[in-house]
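[1] model this:
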Amino acid sequence: MRSNPLRAIWAEGRAAVNGWLAIPDTFSAETMAHQGWDTLTIDMQHGVVDYQAMVRMLQAVSTTQTTPVVRVPWLEPGILMKTLDAGAYGVICPMVNSREDAQRLVAYTSYAPRGVRSYGPVRALLYGGADYPEHANDTVAVFAMIETAQALDNIDAILSVEGLDAIYIGPSDLSLSLGCRPTFDDVEPKVAQAIDHILERAKAHGVVAGIHNGAPEAALRRIEKGFQFVTVSSDARLMAAGARQVVDAMRNGRRTAETPNGY
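    Okay, the predicted model is just below:
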């Protein structure tokens with residue numbers, strides 16, 4: 001089976017730099033994949049990406065060595081299994097709030113005897129190899145999102161579930177759940193304390209900790225703290241920021257640095 005470079009990064013004690021795909025398009029996904037991200041996550045929970053677009057985006061990412069990850073809409077067995085059948089090498093599941101939620105997540109994403117994943121790896125066989133079914137349980141990375149006060153209260157119970165590879169903090173939803181303003185980077189002290197606690201408990205359980213960030217500076221600080229999976233911005237935000245920079249320069253009459261070509 002094709003190896004999962006994300007697991008190799010973690011085994012070496014390094015952090016994976018993850019990009020975020022919100023635009024349901026193969027060319028934008030392919031362009032992002034060629035920029036050197038360790039992983040790219042296709043977001044099916046928020047935004048406009050549906051299943052068919054996700055499959056085509058996975059195919060585009062597969063033109064590179066970037067590891068394809070998908071955030072599914074919810075903790076629901078059908079979409080989790082279809083996402084893995086499409087060739088995702090990592091799945092991020094939102095709103096995992098209890099040990100029971102985490103147990104269901106592991107079961108839905110694992111073949112028997114570990115879980116109840118149904119057999120039918122149609123595209124996963126093409127991407128992963130003919131022996132995919134024998135090795136998928138130990139190759140695919142499974143993330144539980146920790147983003148509520150309930151999950152915070154149950155963090156040790158969630159982290160103790162066998163087969164859960166990583167947790168992924170959603171700072172905005174965690175902030176809302178704790179009565180604070182939603183943001184990625186400059187979180188309020190109460191949220192910062194919660195994030196530090198989640199990270200500390202993940203380390204204690206030997207589970208990888210990931211987190212969503214808005215800017216590289218915040219992601220770098222979090223890597224220094226011990227996070228091993230950091231998302232920085234998204235394709236849509238990066239496109240908007242780049243376009244705004246050019247428009248502002250033109251409106252203000254400033255010259256911009258020349259690019260190698262017009263494309």
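[2] all helices of the stretch 1-150 of the chain, in order?
    Residue ranges of the helices in the stretch 1-150 of the chain, as given by DSSP state H, counting those that start in this stretch, are 5-11, 26-33, 51-61, 77-85, 99-108, 122-128, 132-139, 149-153.
[3] Please name whichever of those helices is nearest to residue 192.
    helix 149-153 (12.8 Å; C-beta to C-beta). (C-beta placed from N, C-alpha, C; glycine too.)
[4] Tell me which residues of that closest one come out buried.
    Judged by neighbour count (16 or more other C-beta atoms under 10 Å), helix 149-153 contains these buried residues: 151, 152.
[5] Just checking the distance from that helix to the centre of its chain.
    Taking C-alpha atoms, centre = their mean, to the nearest Å, the mean C-alpha location of helix 149-153 is offset from the chain mean by 20 Å.
[6] what packs against it?
    helix 171-177, helix 189-205 (3 or more C-beta pairs under 8 Å, 6 or more residues apart in numbering; DSSP states H and E).
[7] Return the most buried member of those.
    Among the helices and strands packed on helix 149-153, helix 171-177 has the highest mean neighbour count (mean count of other C-beta atoms under 10 Å), at a mean of 21.
[8] What lies in contact with that one?
    Helix 171-177 is contacted by residues 95, 146-150, 152, 181-185, 187-188, 191, 194-195, 211-212 when judged by C-beta atoms under 8 Å, 6 or more residues apart in numbering.
[9] pLDDT on that helix, on average?
    What helix 171-177 shows for mean pLDDT is 98.
[10] Can you pull up the most central residue in the protein?
    Closest to where the C-alpha atoms of the chain average out (C-alpha atoms, centre = their mean) is residue 41, at 4.9 Å.
[11] about what we covered before: as CSV, the helices and strands packed on helix 149-153 with distance to residue 161 would be great.
    Formatted as CSV, the helices and strands packed on helix 149-153 follow (distance: least, C-beta to C-beta, whole Å):
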stretch, distance to residue 161
helix 171-177, 20
helix 189-205, 9
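[12] I figured residue 54 was touching residue 86, is that so?
    Yes: between residue 54 and residue 86 there is a contact at 6.8 Å, judged by C-beta atoms under 8 Å.
[13] Show me whatever sits in contact with both of those two.
    By C-beta under 8 Å, 6+ apart, the residues touching both residue 54 and residue 86 are residue 70.
[14] list the contacts for residue 29?
    By C-beta under 8 Å, 6+ apart, the residues touching residue 29 are 21, 23, 40, 42, 57, 60, 61, 235.
[15] so what's the closest residue to residue 49 other than its chain neighbours scoring on pLDDT?
    Of all residues not flanking residue 49 in the chain, residue 24 sits nearest, at 4.5 Å (C-beta to C-beta, 6 or more residues apart in numbering). Here the pLDDT value assigned to residue 24 is 98.
[16] Return the residues in contact with residue 24.
    If a contact means C-beta under 8 Å, 6+ apart, then residue 24 has 47, 48, 49, 50, 53, 54, 57 as its contacts.
[17] what's around the fourth one, how many residues?
    Put plainly, it is residue 50. For residue 50, the count of nearby residues is 11 (other C-beta atoms under 10 Å).
[18] And residue 214, by the same measure?
    Neighbourhood size, residue 214 [other C-beta under 10 Å]: 18.
[19] isn't it right next to residue 231, touching?
    No: in this structure, residue 214 is not within contact of residue 231 by C-beta under 8 Å, at 9.3 Å.
[20] wait, doesn't residue 33 sit right on residue 63?
    Yes: the criterion here is C-beta under 8 Å, and residue 33 meets it with residue 63 at 6.6 Å.
[21] When the two are compared, which one has more neighbours?
    residue 33 (23 against 12).
[22] tell me the contacts of that one?
    Going by C-beta under 8 Å, 6+ apart, the list of residues near residue 33 reads 40, 60, 61, 63, 64, 66.
[23] CA atoms only for stretch 227-245, dumped as CSV, please.
    The C-alpha coordinates for stretch 227-245 follow below in CSV (Å, rounded to 0.1, in the frame of the first residue of the first chain):
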residue,chain,number,x,y,z
PHE,A,227,1.3,21.0,17.7
GLN,A,228,2.2,18.6,14.9
PHE,A,229,-0.5,19.5,12.4
VAL,A,230,-1.1,23.2,11.6
THR,A,231,-3.5,24.7,9.1
VAL,A,232,-2.7,28.1,7.6
SER,A,233,-5.4,30.0,5.9
SER,A,234,-7.2,28.6,2.8
ASP,A,235,-7.2,28.7,-0.9
ALA,A,236,-10.1,31.2,-1.0
ARG,A,237,-8.5,33.5,1.6
LEU,A,238,-5.1,33.4,0.0
MET,A,239,-6.6,34.2,-3.4
ALA,A,240,-8.6,37.1,-1.9
ALA,A,241,-5.6,38.4,0.0
GLY,A,242,-3.4,38.3,-3.1
ALA,A,243,-6.0,40.0,-5.3
ARG,A,244,-6.6,42.7,-2.7
GLN,A,245,-2.8,43.3,-2.5
